[in-house]
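A.B. asks: next comes the sequence, and after it the predicted model I'd like to discuss.
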Amino acid sequence: MIDFELTTADEKILDSAHQQALIGRRYARYYDKHENELTPEEFPEAKDLPNPTRLAEEGVTGSSGARILHSLVMLELYWGGVALHRSRWGLGNTVLKTVATS
């Protein structure tokens with residue numbers, strides 16, 4: 001039987017990702033309107049938070065594993081909105097402007 005429970009290590013990393021996503025949401029509208037500007041790698045409010053992506057990729061002891069944890073972290077960061085601007089895999093605003101309706 002597969003256990004879908006998150007470990008304590010998973011929850012700590014995902015909490016950090018959630019905190020960064022909340023910070024990113026404060027900037028998301030600005031970068032939506034200024035899509036040609038590069039978003040910073042890190043916002044000032046997040047400088048003291050651990051990098052959840054790096055932690056997930058390194059595989060923290062007691063976690064569910066790098067692949068699962070990385071996917072969950074990316075979902076959380078994309079929820080924040082700004083990570084899509086930096087992502088190589090994200091959907092760009094130019095495409096949205098071309099085909100979307102308001």
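C.D. replies: Perfect, thanks for sending it. From a predicted model like this one, the values you see are computed outputs, not experimental measurements.

A.B. asks: strands of the protein, residue ranges please.
C.D. replies: With strands called from DSSP state E, the chain shows none.

A.B. asks: buried sites along the lengthiest helix in the chain?
C.D. replies: Counting by DSSP state H, the longest helix found in the chain is helix 8-33. When burial is assessed from 16 or more other CB atoms under 10 Å, helix 8-33 yields the following buried residues: 9-10, 12-14, 16-21, 23-24, 27-28, 31. Glycine gets a C-beta too; all of them are placed from N, C-alpha and C.

A.B. asks: so residue 9 touches residue 62, yeah?
C.D. replies: Yes. Residue 9 is in contact with residue 62 according to CB atoms under 8 Å; the separation is 3.9 Å.

A.B. asks: between the two, what contacts are shared?
C.D. replies: Overlap between the contact sets of residue 9 and residue 62, as judged by CB atoms under 8 Å, 6 or more residues apart in numbering, is nil.

A.B. asks: coming back round to it: tell me the helices and strands packed up against the longest helix of the chain.
C.D. replies: Contacts defined by 3 or more CB pairs under 8 Å, 6 or more residues apart in numbering; DSSP states H and E place helix 8-33 against helix 52-58, helix 66-79, helix 83-86.

A.B. asks: what does residue 38 show for phi and psi?
C.D. replies: Residue 38 adopts backbone torsions of phi -80, psi 130, taken as degrees, to the nearest 10.

A.B. asks: how close does it get to residue 31?
C.D. replies: Residue 38 is 9 Å from residue 31, where distance means CB to CB, to the nearest Å.

A.B. asks: and of the buried residues of helix 8-33, the nearest to residue 3?
C.D. replies: residue 10 (11.8 Å; CB to CB).

A.B. asks: next, count neighbours for residue 80.
C.D. replies: 20 (other CB atoms under 10 Å).

A.B. asks: could you do residue 4 as well?
C.D. replies: Counted with other CB under 10 Å, residue 4 comes out at 7.

A.B. asks: and the residue most central in space within the chain, what does it touch?
C.D. replies: Centroid check for the chain by CA atoms, centre = their mean gives residue 77 as the closest residue, at 1.7 Å. Residue 77 makes contact with 17, 20-21, 24, 52-53, 83, according to CB under 8 Å, 6+ apart.
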